[in-house]
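Visitor: turn this into a structure:
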Amino acid sequence: METEAVKALAMAIVMGIGTIGPGIGIGLIGSRGAEAVGRNPSAGSKIQSNMILAIAFAEAVAIYALVVALIIKFV
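Guide: Okay, here's the model as predicted:
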């Protein structure tokens, strides 16, 4: 195989595996947050703050996967 083809395959695998986890995690965070607000609407603002923080941490993992994929492409 050519080097570019191997790099493209590696980038696809890194992005596929590196984004499936955060995608599932963000979905679970959203569903549990909506459930929590449904159970206790008066705590909505505190729950929302915690949800946004947790989503940001989960999204950081996907950004790390993107950085690794870009390193593979350009190095």
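Visitor: ok, residue 66 touching residue 22?
Guide: No. Using Cβ atoms under 8 Å, residue 66 is not in contact with residue 22; the gap is 10.8 Å. No exception for glycine: its C-beta is placed from N, CA and C like everyone else's.
Visitor: what helix or strand is the spatially most central residue of the chain on?
Guide: Geometric centre of the chain, nearest residue: residue 22, 2.8 Å, by Cα atoms, centre = their mean. Element membership for residue 22, per DSSP states H and E: helix 3-39.
Visitor: how far off centre is that helix?
Guide: Here helix 3-39 shows a centroid-to-chain-centroid distance of 4 Å under the convention Cα atoms, centre = their mean, to the nearest Å.
Visitor: so for the helix or strand following that helix, mean pLDDT?
Guide: The helix or strand immediately downstream of helix 3-39 is helix 44-74, counting by DSSP H and E. For helix 44-74, mean pLDDT rounds to 95.
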